[in-house]
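Trainee: Quick one, fold the following:
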Amino acid sequence: VDLGRGLTEEQRRVVSKDMEGLKIKYELPTPDGVRKRQYRVLEVRRKPAKEEMINVEGENISVVKYFTKQYGVSLKYPNLPCLWVGSRDRQTYIPIEFCTMMSQPLPRRKKLPDEAIATMIRQTAVKPLDRQKKIMEGLQRNNDKYKNDPYAKEFGISLSGTMTKLTGRILDPPSIEYRDNGKDKNIVNINKTNPGKWFQDKNTYLNGADVSNWAVLDMAQLNDGQYKEVVQGFVTVGKENGIKFGGVDKVMKVRVSMKDMDEALATIEDHLVRIGHHFQAAGSKLDFVLIIFAFKAGSLYDKIKHLGDMKLNISTQCCLKANLYKGGNLSKQVVANVCMKINSKLGGINHVLSKGCRPNILKRPVMIMGADVSHPAPECRSFKPSIAAVVASVEPKAVNYEVQVRIQDMGLESNEEVIKDMKDVTRNLLLKFFEKNNGRKPEKIVMFRDGCSEGQFLTVLAKELMAMREACMELEEGYQPPITYLVVQKRHHTRFFPSDTNKYRNGNALAGTVVDQGINHPTEGDFYLLSHEGIQGTSRPCHYQVLWDDNNMTADELEVLAYYLCHLYSRCSRSVSYPTPTYYAHLVADRARKHHNELAQFDCGSSSGYSAGSGKMTESERRKIKEIVERGVEKPMYFV
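Mentor: Residues are numbered from 1 along each chain as shown. Model (predicted):
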């Protein structure tokens with residue numbers, strides 16, 4: 001940043017967002033001594049100090065002239081903007097150069113930057129054995145209090161000083177199937193003593209995409225050698241994995257600088273349109289654009305995704321130069337990870353459960369659904385809606401999903417958890433299933449519902465299950481497929497500490513650990529399943545509550561189905577912490593939120609959750625945006 005020249009609009013916006021609501025110390029060195037004050041910042045002004053006019057005794061004067069005239073101080077950086085401090089009723093503008101940031105806790109309503117959140121999670125993650133020790137120490141302290149408490153003694157209350165001992169089981173992991181190349185074995189068996197991950201080895205994707213026409217949008221200023229290396233890296237790694245990338249001569253290269261973020265945001269659409277036209281003029285179809293960022297840029301990423309998904313219908317894949325060049329050289333592993341995402345976005349299939357271990361329910365036409373509702377932050381509730389996303393599998397392997405998004409205005413007091421338009425959503429998804437399977441209807445429906453707390457079980461079940469039934473009946477009289485409805489919860493405080501050797505080196509329980517007795521509901525069907533390998537901190541098991549089951553599935557069948565679905569997440573060759581359909585619903589809701597913010601021009605990174613004027617949308621604008629977001633994205637699996 002060149003302080004002499006001042007700040008660009010993007011830099012000013014970032015600084016303003018970071019400083020809003022924080023306390024600063026203002027020290028003005030005058031000939032009579034140093035004037036000291038403390039203020040809370042409202043915002044960073046748009047104009048530089050030499051152009052910022054204030055009214056002094058009926059005369060308009062610039063801040064620079066005022067400080068010279070009033071205090072005999074000439075500003076060192078007249079091109080820097082002023083801070084607006086104090087009350088919004090008064091125009092108190094002070095030059096930045098006289099301010100220092102005070103040490104203070106972050107205000108509660110302010111959002112931490114993503115990097116800070118990642119660092120915080122890394123720092124606060126506690127290893128299983130340390131966590132167990134902490135819990136035991138806390139328990140001991142509580143027990144000592146109770147032992148000497150006269151009231152507890154009188155009522156005969158005592159606490160046990162040990163953790164509850166439970167008997168769990170470890171489910172066998174599934175085997176994973178890749179493309180049958182004739183000579184190699186295409187089935188990968190997961191190591192039972194170290195489950196939760198597998199290695200693709202020399203196997204290729206079950207169904208590799210064909211990427212003949214692609215472009216690289218270089219925003220990281222790669223030199224010619226690096227550019228060729230990146231393109232060649234994708235061609236080579238793609239070939240090893242089963243994606244046919246067009247060679248260096250087939251790739252269109254576009255160079256853009258990220259130095260001036262305002263310019264990058266303003267011109268990104270033109271660049272993407274130009275890429276599309278280039279391939280159109282050559283009579284070919286653009287498959288996808290690889291965008292390489294110099295650094296993380298949330299606003300630019302959101303804009304690119306909005307343009308690619310909603311406006312221009314182009315598949316885009318963003319990645320960071322720093323990640324591609326981990327350790328100085330091009331990382332084949334990172335390129336392979338990116339290839340998994342590209343293949344899924346372009347309609348390919350990375351891996352599936354092998355035929356031998358596929359759960360029985362998947363052997364007949366069945367629709368596996370996942371649903372999630374994403375809510376706005378409390379301070380944005382008056383003008384930001386809740387977004388519901390529902391995904392449904394449309395083929396026997398349960399890998400490819402169709403998507404429905406709904407925008408629903410929430411109550412001002414509390415978030416509405418029920419998906420209001422469930423009937424229409426289910427109807428559309430059933431029609432897509434029917435279309436993709438040559439006129440076959442699902443014989444069964446299994447729903448994994450995320451984001452639902454215990455107090456809302458009955459409401460959600462009553463409304464959504466009835467809506468799903470009505471959708472089936474509406475499509476064909478007498479069509480009533482049995483429905484199994486499960487709620488998946490991760491927000492709880494239950495943790496497992498294995499007392500035998502069935503654990504990873506860091507002390508976490510093995511993937512596939514299931515507990516369905518001892519701490520479960522006495523009458524309702526529920527179970528805890530830990531389906532991932534915890535790399536950082538202590539693993540949190542998923543709590544599955546079976547709210548409805550027309551299919552009369554046994555506990556074992558449900559547990560195996562949930563565990564096996566965790567292996568179908570197409571972004572990685574690992575088992576994830578909750579079932580793929582639920583995970584995808586979460587990603588869809590997240591992406592829909594980005595689309596909505598772009599359309600409504602919300603500055604959702606700001607601490608107050610909106611930029612000037614964003615809350616003042618007319619009803620017709622609201623309806624139009626709702627219509628666009630709900631119309632959805634043409635490309636399937638765009639959210640991966």
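
Trainee: Tell me how many other residues crowd the closest residue in space to Leu587 that isn't next to it in sequence.
Mentor: Leaving aside its chain neighbours, Leu587 sits nearest to Phe639 (4.4 Å; criterion: CB to CB, 6 or more residues apart in numbering). Placement of C-beta: from N, CA and C, glycine included. Burial of Phe639 is recorded as 23 neighbouring residues (other CB atoms under 10 Å).

Trainee: repeat for Leu510
Mentor: 24.

Trainee: give me phi/psi at it?
Mentor: Backbone torsions of Leu510, given as degrees, to the nearest 10, read phi -70, psi 150.

Trainee: Quick check: pLDDT value at it.
Mentor: Leu510 is assigned 97 on the pLDDT scale.

Trainee: shouldn't it be in contact with Pro195?
Mentor: Yes: contact criterion CB atoms under 8 Å: Leu510 and Pro195 qualify, at 5.8 Å.

Trainee: thinking again about what came up before, ok, now which ones touch the residue nearest to Leu587?
Mentor: 403, 584, 587-588, 590-591 (CB atoms under 8 Å, 6 or more residues apart in numbering).

Trainee: swap in Leu129?
Mentor: If you count contacts by CB under 8 Å, 6+ apart, then Leu129 has 497, 507 around it.

Trainee: Make sure it is indeed in a strand.
Mentor: No: applying DSSP: H, G, I helix; E, B strand; the rest coil, one finds Leu129 to be helix, outside a strand.

Trainee: State the distance from it to Thr580.
Mentor: Using CB to CB, to the nearest Å, Leu129 is found at 31 Å from Thr580.

Trainee: can you check Cys357 too?
Mentor: 16 Å.

Trainee: The two: which is more packed in?
Mentor: Thr580 (25 against 17).

Trainee: Which pLDDT value goes with the more buried one?
Mentor: Looking at Thr580, the pLDDT reads 97.

Trainee: Please apply the same query to Ser608.
Mentor: On the pLDDT scale, Ser608 gets 32.

Trainee: show me the contacts for the residue lying farthest from the centre of the chain.
Mentor: For the chain, the residue at maximal distance from the C-alpha centroid (CA atoms, centre = their mean) is Asp32, at 55.2 Å. Under the criterion of CB under 8 Å, 6+ apart, Asp32 has no contact partners.

Trainee: Same check on the one 5 residues further on?
Mentor: When the contact criterion is CB under 8 Å, 6+ apart, the partners of Arg37 are 25-26.

Trainee: Could you rerun that using 10 Å?
Mentor: Taking CB atoms under 10 Å, 6 or more residues apart in numbering, we find Arg37 in contact with 24-28, 85-86, 92, 94, 98-99.

Trainee: export these to a markdown table and tack on secondary structure and neighbour count?
Mentor: Listed next are these as a markdown table, based on DSSP: H, G, I helix; E, B strand; the rest coil; neighbours: other CB atoms under 10 Å:
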| residue | secondary structure | neighbour count |
| --- | --- | --- |
| Ile24 | strand | 21 |
| Lys25 | strand | 13 |
| Tyr26 | strand | 17 |
| Glu27 | strand | 12 |
| Leu28 | strand | 17 |
| Val85 | strand | 21 |
| Gly86 | coil | 16 |
| Thr92 | strand | 17 |
| Ile94 | strand | 21 |
| Phe98 | helix | 20 |
| Cys99 | strand | 20 |
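
Trainee: Top of the contacts of Phe639 by number of neighbours, please.
Mentor: Within those, Val588 tops the neighbour count with 27 neighbours, counted by other CB under 10 Å.

Trainee: start to end distance for stretch 152-163?
Mentor: Using CA to CA, to the nearest Å, one end of stretch 152-163 lies 21 Å from the other.

Trainee: hmm, who's touching it?
Mentor: Against stretch 152-163 from outside (CB under 10 Å, 6+ apart): 132, 135-136, 139-140, 142-147, 149, 151, 495-497, 499.

Trainee: Got a quick ChimeraX command for the buried subset of those residues?
Mentor: Applying 16 or more other CB atoms under 10 Å to the contacts of stretch 152-163, the buried members can be selected in ChimeraX as follows:
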select :132,495,496
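
Trainee: Got phi/psi on Cys82?
Mentor: phi -100, psi 160.

Trainee: mind listing what it touches?
Mentor: Counted by CB under 10 Å, 6+ apart, Cys82 has contacts 43-49, 52, 54, 63-64, 75, 91-97, 99.

Trainee: Got a PyMOL select line for the buried ones in the residues you listed?
Mentor: In PyMOL, selecting the buried portion of the contacts of Cys82, with burial taken from 16+ other CB under 10 Å, looks like this:
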select buried, resi 43+44+45+48+49+52+63+64+75+92+93+94+95+96+99
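
Trainee: Common neighbours of Leu510 and Pro195, please.
Mentor: 170-171, 173, 504, 533.

Trainee: Going by distance to Asp262, which of the residues you listed wins?
Mentor: Asp262 has its nearest neighbour among the shared contacts of Leu510 and Pro195 in Glu533, at 43.1 Å by CB to CB.

Trainee: Output the longest strand belonging to this structure.
Mentor: strand 33-48 (DSSP state E).

Trainee: Which SSE is immediately downstream of it?
Mentor: Counting by DSSP states H and E, the next helix or strand C-terminal to strand 33-48 is strand 53-56.

Trainee: after that next one, next one along is what?
Mentor: strand 59-62.

Trainee: That following strand: which residues count as buried?
Mentor: Within strand 59-62, judged by 16+ other CB under 10 Å, the buried ones are 61-62.

Trainee: Tell me the neighbouring strands of it, and mark each as parallel or antiparallel.
Mentor: strand 53-56 (antiparallel) (DSSP bridges).

Trainee: pLDDT (mean, whole number) over the partner strand?
Mentor: Per-residue scores along strand 53-56 average to 91.

Trainee: Ok, stretch 300-318 next?
Mentor: 95.

Trainee: Return the set of buried residues in it.
Mentor: 300, 302-310, 312, 314-318.

Trainee: try stretch 170-178
Mentor: Buried residues in stretch 170-178, counted by 16+ other CB under 10 Å: 170-171, 173-178.
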